[in-house]
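Participant: pasting the sequence and the predicted coordinates here, then a few questions.
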2 protein chains.
Amino acid sequence: MRATYIFGAGDVRVLDAPDPKILQPTDAIVRVTRACICGSDLHPYHSLLAKPGGQTIGHEFIGVVEDVGVDVTTVRKGDFVIAPFAISDGTCEFCREGLQTSCEHGGFWNDAAFGTAGAQAEAVRVPLADGTLVMVPGTVDEALYPGLLTLSDVYGTGWHAAVRAGVTTGDAVAVVGDGAVGLLAVLSAKQLGAEQIILMGRHEARTDLGREFGATDVVAERGEKGIAKVLELTGGRGVRKVLEAVGHLPAYEQAVGIVRAGGVISRVGVPQYDQGSIGWPFFGKNTTLTGGPAPVRAYIGQLMPAVLDGAVQPGRVFDREIGLEEVPDGYLAMNDRTALKVMVRP
Amino acid sequence: MRATYIFGAGDVRVLDAPDPKILQPTDAIVRVTRACICGSDLHPYHSLLAKPGGQTIGHEFIGVVEDVGVDVTTVRKGDFVIAPFAISDGTCEFCREGLQTSCEHGGFWNDAAFGTAGAQAEAVRVPLADGTLVMVPGTVDEALYPGLLTLSDVYGTGWHAAVRAGVTTGDAVAVVGDGAVGLLAVLSAKQLGAEQIILMGRHEARTDLGREFGATDVVAERGEKGIAKVLELTGGRGVRKVLEAVGHLPAYEQAVGIVRAGGVISRVGVPQYDQGSIGWPFFGKNTTLTGGPAPVRAYIGQLMPAVLDGAVQPGRVFDREIGLEEVPDGYLAMNDRTALKVMVRP
């Protein structure tokens, strides 16, 4: 089959790769219907040190089960499935609490030590298939592919940001970042009843979609100016719930600047930094910092019905669709910000 | 009157000071019955730059109302009162939410700009007396002074740590720090139903008191060894609720090391650092960081009954009582750790 590899910063190639095979009785093989490129794939695209052997990439996909190991009971050949970005057994203490990203036997895609490859490929071996995969009921119309694909990561991640922040009816929320996760954090906050949703982003096409998803205000300014603008929009007090969907330090510092005393910063952008401000300006106002890798597996069942019946259209974050061979161009487009989110059709 | 001033690191003096007077119609003058020295007073005692004019110090006291301004309605001359370490109006948006430390018109003691002096003195002017002071009902026996005095800060602060962490029945909790706040965080966690309470501290007299307050395990080791020990005590997974009652960076890093995936670190030690680890090791396990200056005013009413009827004895954290003139020796004793917490009898 063909699969995508990254060899270092800026160096993505589509190559021949061995077809995946069942290795464990709990495995499934899934033929990829659609995959996509994630904002977080841009982190290695920016900074991965040269890796002569390359490594596979991609962690979001929907597809059709092609084969299952003998112990797999919840999906079977021909099922249409959503694969979350984390692999989980569904039975450990953490999975039972809905924190599948901390599964004691799980892991992530593209982890050679864990034995997984990437999703920007024609097919994928899925370990712990019963815990990991979610079957989509009925016949799946192609028009639903984008929405279902967001359930593998970005929609569940935006939802996680809002849920961990405790967004509730009447809340004032700010979302830092107008990428796919930020926009779906807006949608999630709206679904959870937020009244004021301030979207911080400066790409007009994206913030326009953010408004359609429920943003009531858009702040294009950054840094001190952006903070001043948000304070102005909130009577000088700041925002009770800040959803940080970027992962770079300035976005975090922005969040610290705009959060109201007693408020929450919920991060879902993977932090590209180790240290951040948690001293007096953060502590003095009793700020809470929460979030982390989203256990999207926990949310798919809850979020899927509205996607299937069209009540929400999270798939609108995809503004480009390409074939597998064009994946390197897809990275370029996302890196240049000429595409918001790129869907891959193997 | 006599009052305590600090002139720089290690330089505490008791001097003549003007008697406090009613300046605003919302003021009260309180004759101090007992004050004390706080672990957080040691921060300026360690690092305050030389201040030729000196500044007053002390922020915890109980006493008797001597005079009130014309607008004060909730306390009157002769009332025995507890003064929280933060001044608050009791009516603003934040006070109504129980976050009096963020009161829009409030402030702290020893703030020249706010017009307040210190509590290690014979008498104190209390601004916003209706919002700030809490009257103790009935005749107050001297044996209750230590317990009531802890309600001005350290007990409410330990309680805040446990409440913000969400400690509940059956929880596993770790408390980092065996100072007065740490020990009272142990007591608070116990009152809130924690089952396992691991106290991290290495001063045996203190950790012994911690065991009496409810600690089930004591870990004297620090750093990596301390982390390993706590993991060993928790099946390798770490602790759901970590209460950090120190304020120095190693205590925070310890907390990050021992918190269970999906767990909470609740800080009440005033951070003596600006930056801390909030990158992948923190984020990857969906850690929540919360806490801040405790709105002890919100807790006094709830905590006082058990102090008055002797069901709890938080006042046991005081292991030395001195006169006002001996306050400089009190600082030395707390700094040397020959005293856990020093009570001052003006």
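Facilitator: Thanks, I have the structure now.
Participant: I figured A:L187 hits A:G214, correct?
Facilitator: Yes: counting by C-beta atoms under 8 Å, A:L187 touches A:G214, with 6.2 Å between them. Every C-beta, even on glycine, is put in place using the N, C-alpha and C of the backbone.
Participant: up against chain B, what does the stretch 151-300 of chain A have?
Facilitator: Proximity of the stretch 151-300 of chain A to chain B, by C-beta under 8 Å from any C-beta of the partner chain, involves residues A:164, A:237, A:252, A:261-262, A:267, A:270-271, A:273-280, A:283-293, A:295.
Participant: any of these buried? List them.
Facilitator: Buried subset of those (neighbour count, 16 or more other C-beta atoms under 10 Å in any protein chain shown): A:164, A:237, A:252, A:261-262, A:267, A:270-271, A:273, A:276-279, A:283, A:285-293, A:295.
Participant: filter these down to just the ones in strands.
Facilitator: A:261-262, A:267, A:276-277, A:288-291 (DSSP state E).
Participant: ranges for the strands of the stretch 1-150 of chain A?
Facilitator: A:2-8, A:11-16, A:28-36, A:55-56, A:61-68, A:80-83, A:86-87, A:107-108, A:123-126, A:134-135 (DSSP state E, counting those that start in this stretch).
Participant: now what about the fifth one, what contacts it?
Facilitator: By C-beta atoms under 8 Å, 6 or more residues apart in numbering or on different chains, the residues outside strand A:61-68 that reach it are A:22, A:27-36, A:75-83, A:119, A:123-124, A:129, A:133, A:136, A:145, A:148-149, A:152.
Participant: for the lowest-mean-pLDDT helix or strand in chain A, list every residue counted as buried.
Facilitator: Least confident element among the helices and strands of chain A, by mean pLDDT, DSSP states H and E: helix A:42-47 (a mean of 92). For helix A:42-47, the neighbour count (16+ other C-beta under 10 Å) marks A:43-45 as buried.
Participant: measure how buried the closest residue to A:E195 other than its chain neighbours is and give me the count.
Facilitator: In space, and not counting its chain neighbours, A:E195 is closest to A:G170: 5.0 Å by C-beta to C-beta, 6 or more residues apart in numbering or on different chains. Using other C-beta atoms under 10 Å in any protein chain shown, A:G170 has 10 neighbouring residues.
Participant: these two touch, right, A:G170 and A:I197?
Facilitator: No: using C-beta under 8 Å, A:G170 makes no contact with A:I197, being 11.8 Å away.
Participant: quick one on the thing from earlier: and of the buried residues of helix A:42-47, the nearest to chain B?
Facilitator: A:H43 (11.5 Å; C-beta to the nearest C-beta).
Participant: where does the closest residue in space to that closest one that isn't next to it in sequence land on pLDDT?
Facilitator: In space, and not counting its chain neighbours, A:H43 is closest to A:Q272: 6.1 Å by C-beta to C-beta, 6+ apart. If you check A:Q272, the pLDDT there is 92.
Participant: equivalent analysis for A:S40, please.
Facilitator: Value for A:S40, per-residue pLDDT: 89.
Participant: what ranges do the strands span in the stretch 151-300 of chain A?
Facilitator: A:172-176, A:196-200, A:217-219, A:239-244, A:259-267, A:275-277, A:288-291.
Participant: returning to that earlier point: A:L187 and A:G214: which is more packed in?
Facilitator: Per other C-beta under 10 Å, whichever of A:L187 and A:G214 has more neighbours is A:L187, with 27 against 18.
Participant: before we move on, back to that, show the buried residues in the contacts of strand A:61-68.
Facilitator: Neighbour-count burial (16+ other C-beta under 10 Å) applied to the contacts of strand A:61-68 gives A:22, A:27-36, A:75, A:79-83, A:119, A:123-124, A:129, A:133, A:136, A:145, A:148-149, A:152.
Participant: A:V124 versus A:F283, what's the distance?
Facilitator: A:F283 sits 44 Å away from A:V124, going by C-beta to C-beta, to the nearest Å.
Participant: pretty sure A:D153 contacts A:G39?
Facilitator: No: judged on C-beta under 8 Å, A:D153 makes no contact with A:G39 at a distance of 9.7 Å.
Participant: so which of the two has more stuff around it?
Facilitator: A:D153 (28 against 22).
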